[in-house]
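coordinates for the following, if possible.
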Amino acid sequence: MDPDMEDKTLELMCSLPRSVWLGCSSVAESLCALRCLQSLPSSRAHNQSMTVMESQNNTGDVSPKKTTVFKFGNGSVAGSRKRMSQGNFDKEKDLCIQLFDQWSESDQVEFVEHLISRMCHYQHGHINSYLKPMLQRDFITALPAQGLDHIAENILSFLDARSLCSAELVCREWQRVISDGMLWKKLIERMVRTDPLWKGLSERHQWEKYLFKNRTNEVPPNSYYHSLYPKIIQDIETIEANWRCGRHNLQRIQCRSENSKGVYCLQYDDDKIISGLRDNSIKIWDKQSLECLKVLTGHTGSVLCLQYDDRVIVTGSSDSTVRVWDVVSGEVLNTLIHHNEAVLHLRFCNGLMVTCSKDRSIAVWDMASATDISLRRVLVGHRAAVNVVDFDDKYIVSASGDRTIKVWSTSTCEFVRTLNGHKRGIACLQYRDRLVVSGSSDNTIRLWDIECGACLRVLEGHEELVRCIRFDNKRIVSGAYDGKIKVWDLQAALDPRAPASTLCLRTLVEHSGRVFRLQFDDRRGDRPHGHIHTSPDSRCLFYVPVCPGRADWLLAVSVTEWFRDFCSSPSGGITSKSCLRKIATRSASTGQCACVLFRVFVVGRSLDVQPSASSARPLGQTFACVCFG
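Take a look at the predicted model:
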C-alpha cells in the first residue's frame, strides 16, 4: 500500500465513529473496509469522512446528518447520525413505543427481528449483554412472588436426592420452597411407589404411615423426611453388602407329622404360611407360633401347586383338578375339571388364571369371581409336559420338557413365538417386563428378550438340573439339584462385555440334597429371597437377607423320603424301563437311619421317583430358615 494513501486511510478511520470500525467482526472485514475507502476519490472520501464525523460543538443542531453505510462481508455497518435534541428524541421514542405496544405479539417479534437485522455487530453484542441477565432469571424465586408456589414445587419435585440437597443450598428462598412443598416426603413416596425394596422397608419400619397423606396435622415436618432418607439408603446398602458377602443366619423349625408325607408347594405372607402336601391336604400355619391353624381337604391327589391372595386359595393337584378355597373359612368354593393329568403349575392375577399340566396343554381361565370361573382358551403346542407358566398383561410364557419356551398373546391367546436354546427340558422360569429367565436340566440358566426372542446370556455354574429361579432388578437367585443356591448379578449378566467369571456373586451350600423351590418376595427389603430344599436327610433350608435391626425369616418346608416331585420330569413320557434304587435317609430330629426301596421310573433324561410297595414309615418333616445378617 502506498504510504501516503495508508496515512490518509488511517486518518479517515480515526475520524469515523467507533461503532463503525468496531462493527467489523474480523480482520478480513476490516481490510475490506480499508479497500473500500481507498477506492474512493480523495475529495469524495474527505466529504464522506466529514459527513460521518460527530461534531463536538454543535449539540443543539436538530437537523439530522447523512449516514454512511459500508458493506462489510455479510452485514452492513452504519455510521451514526448526529443525535437530535433530547426533547425531539424523547417524543419520537415515546411515539414508537406507543405504536409498538399497539401491535400484536407476533408483529412485535417480527419488527424486532427486522430491527436487529439492520444493526451492526457491535450493537448486537450490546443487546446480547443486556438480554443475557434477563434470560437467567431465578424463576424458582420469581414464581412464588406471583402466587405460583405450586409450579416451583412441581419443578423441583423431579430432582433426585443429590440434586435436591444442592438445591437447598442455593438460597433461603429455594430452601423455603423445598420445605413448604414437602419435597423430601414426595421423593420418598416416589421411591416407595416404584421400588419394591423401598416399599418393603416402609412396611417393616412402619414409616409408611407417614406417607401418602395430605393433611398437615397427620405428617411430620419436612426435616423428618430429610433425615429419614439417608437412613433408608444406609439400610439398603447393608442389605446389598449382606448379599454380596453371603452373611446369613440359619434357623430350623421342626414340624413333625405322622400323616404328612411331604410338602410340594408353599406361599407365605406376614401372618400365615400355606403349604400343599403329598397327603392331598393344604395346611395353613401361623407364621409366628408355627401352629397349624387349619387343614383343607378335598383333593384326591398330591397338592403340587398353589397361589393365594386376600380372598381365595387356588390349588392344583395330581388328581388333575384345580380347586378354589375361601382363604378365611377354608371352604371349597369351586372345582375346575379340565386337565387330563396332573396340574403342575398355576398363576392368577387381575381376573385371569393360567394353568398347565402334564397333558401338554395350557388352560386360560376368566375369573369373574371365585364361583364364576370360565375356560377362555386351551393353548396347545408343546410336545411334552408343561412344567411352568407365567404371564402379565401382554404375554403368557410357558416352559416345557420339550426344551422350548413358548410365548402367547394374553389378550388373544394366539401363539407369538418360540424361544429355542436349551439342550434339555426346562424346569423353571420367571417373566417380568421384557426379560425371561429360565432354568433347565442342561444345568444352565438363560436370559431372553421376549420381544425379539434373542438369548441374551447363558449362565453356567450348576452341576445338575436348575429346578427353581427368581430374579428382581438387581440379582438372580437359582436353586438346583446339586444342592446349591447361586446368586447372580443381573445387571452384569445383561452386559455382553462382562466376563463370565464376574457373574456369580455368591454360592450358598447349606444342604446335601436337592433344592426344588424358591419363593421370592420382592416387597420385603429384609426378605427378598427364600428357597425350599429337599434332601436325603429330610431337611429343608431357607435363605433370607436380613435388614439391620431385625432378623426376620421366611419359612420353608421339606419332604420326607416318600417325596415325589411331579414337576421334576422335564421330558414327559414314561418308558417301560424301571429299576430299584436304595436310598438311605437320616431323620433330622432322631438321627435314625432308615432304608427305603424306591421304584425309579426313567422319564426321558430325568427320574420320577415313586415309593415302592415295600415302604417304611415317614420320618417326619423339617422346617428351616436362613437369615442374612
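
contacts and neighbour counts: CA atoms only from here.
Will do.

which helix in the chain runs the most residues?
If you go by DSSP state H, the chain has its longest helix at helix 222-245.

and the average pLDDT for it is what?
Across helix 222-245, the average pLDDT comes to 84.

flag every buried residue along that helix.
222, 225-226, 232, 235-236, 238-240, 242-243 (16 or more other C-alpha atoms under 10 Å).

so what strands line up beside the helix or strand that contains Lys406?
Element membership of Lys406, judged by DSSP states H and E, is strand 404-409. Strand 404-409 has the following strand partners under DSSP bridges: strand 395-400 (antiparallel), strand 415-420 (antiparallel).

element containing Glu113?
helix 105-117.

highest average neighbour count across the strands paired with strand 404-409?
Neighbour counts averaged per stretch over the strands paired with strand 404-409 are highest for strand 395-400, at a mean of 28; criterion: mean count of other C-alpha atoms under 10 Å.

give me the contact list for it.
Residues outside strand 395-400 that contact it (C-alpha atoms under 8 Å, 6 or more residues apart in numbering): 382-391, 405-410, 425-429, 431, 570-571.

returning to that earlier point: could you dump the strands paired with strand 404-409 to JSON lines with mean pLDDT and distance to Lys185?
Listed next are the strands paired with strand 404-409 as JSON lines, based on pLDDT from 0 to 100; distance: least, C-alpha to C-alpha, whole Å:
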{"stretch": "strand 395-400", "mean pLDDT": "97", "distance to Lys185": "36"}
{"stretch": "strand 415-420", "mean pLDDT": "96", "distance to Lys185": "44"}
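
with just CA atoms, put stretch 105-118 into PDB.
Coordinates of each C-alpha in stretch 105-118 appear next as PDB, following Å, rounded to 0.1, in the frame of the first residue of the first chain:
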ATOM      1  CA  GLU A 105     -47.100 -10.100  19.900                       C
ATOM      2  CA  SER A 106     -46.200 -11.700  16.600                       C
ATOM      3  CA  ASP A 107     -46.000  -8.300  14.900                       C
ATOM      4  CA  GLN A 108     -43.700  -7.100  17.700                       C
ATOM      5  CA  VAL A 109     -41.400 -10.000  17.300                       C
ATOM      6  CA  GLU A 110     -41.300  -9.500  13.500                       C
ATOM      7  CA  PHE A 111     -40.500  -5.800  13.900                       C
ATOM      8  CA  VAL A 112     -37.700  -6.500  16.400                       C
ATOM      9  CA  GLU A 113     -36.200  -9.200  14.100                       C
ATOM     10  CA  HIS A 114     -36.100  -6.600  11.200                       C
ATOM     11  CA  LEU A 115     -34.600  -4.000  13.600                       C
ATOM     12  CA  ILE A 116     -31.900  -6.300  14.800                       C
ATOM     13  CA  SER A 117     -31.000  -7.300  11.200                       C
ATOM     14  CA  ARG A 118     -30.200  -3.700  10.400                       C
END
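
if you average pLDDT over it, what comes out?
90.

could you list the domains of the chain?
When the chain is parsed with the TED database, its domains come out as 139-206+222-238, 263-508.

most neighbours per residue, which of the ones you listed?
Ranked by mean neighbours (mean count of other C-alpha under 10 Å), these are led by domain 263-508, with a mean of 20.

endpoints of that domain, how far apart?
22 Å (C-alpha to C-alpha, to the nearest Å).

then stretch 337-354?
End-to-end distance of stretch 337-354: 14 Å, with C-alpha to C-alpha as the criterion.

now do stretch 271-283
14 Å.

ditto for stretch 347-361
The first and final residues of stretch 347-361 sit 15 Å from each other (C-alpha to C-alpha).

flag the shaky bits of the stretch 51-200 of the chain, pLDDT-wise.
The stretch 51-200 of the chain contains residues with pLDDT under 70 at 51-84.

swap in 50 and give it another go.
Applying pLDDT under 50 to the stretch 51-200 of the chain flags residues 51-80.

where does Gln123 sit, in terms of helix or strand?
helix 121-134.

tell me which residues in that helix are buried?
121-123.

tell me the helix or strand right after it.
Under the assignment DSSP H and E, the closest C-terminal helix or strand after helix 121-134 is helix 139-145.

list the contacts of the helix or strand following that next one.
Going down the chain from helix 139-145, the next helix or strand is helix 149-156, by DSSP H and E. For helix 149-156, contacts defined as C-alpha under 8 Å, 6+ apart pick out 139-140, 143-144, 164, 177-178, 181, 183.

any chance of the domains of the chain in CSV, with distance to Glu105 too?
CSV is the format used below for the domains of the chain (distance: least, C-alpha to C-alpha, whole Å):
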stretch, distance to Glu105
domain 139-206+222-238, 22
domain 263-508, 49
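
just tell me which of these ends up closest to Asp101.
Closest to Asp101 of the domains of the chain is domain 139-206+222-238 (C-alpha to C-alpha; 23.2 Å).

endpoints of the closest one, how far apart?
Terminal-residue distance, domain 139-206+222-238 (C-alpha to C-alpha): 40 Å.

stretch 190-207 too?
End-to-end distance for stretch 190-207, by C-alpha to C-alpha: 14 Å.

now stretch 339-357
7 Å.

what about Asp101, which SS state?
With DSSP: H, G, I helix; E, B strand; the rest coil as the basis, the three-state label of Asp101 is helix.

any idea how far Leu211 lies from Phe158?
Using C-alpha to C-alpha, we find Leu211 at a distance of 18 Å from Phe158.

what sits up against stretch 357-367?
Outside stretch 357-367, the residues touching it (C-alpha under 8 Å, 6+ apart) are 320, 339-345, 351-356, 373-387, 572.

quick check: mean pLDDT of it?
96.

cool, stretch 270-289 as well?
pLDDT averaged over stretch 270-289 gives 87.

other residues contacting it?
259-268, 291-306, 315, 317, 555, 563-564.

end to end, how far does that stretch reach?
The first-to-last residue distance of stretch 270-289 comes to 12 Å (C-alpha to C-alpha).

just stretch 374-391 next, same as before
18 Å.

report pLDDT for the residue lying closest to Asn420 once chain neighbours are set aside.
Nearest residue to Asn420, sequence neighbours excluded (C-alpha to C-alpha, 6 or more residues apart in numbering): Thr404, at 5.4 Å. Note on Thr404: pLDDT of 96.

and Thr404, how far from Val322?
Relative to Val322, and taking C-alpha to C-alpha, Thr404 is found at 25 Å.

now His126
82 Å.

could you do Arg497 as well?
Arg497 is 46 Å from Val322, where distance means C-alpha to C-alpha.
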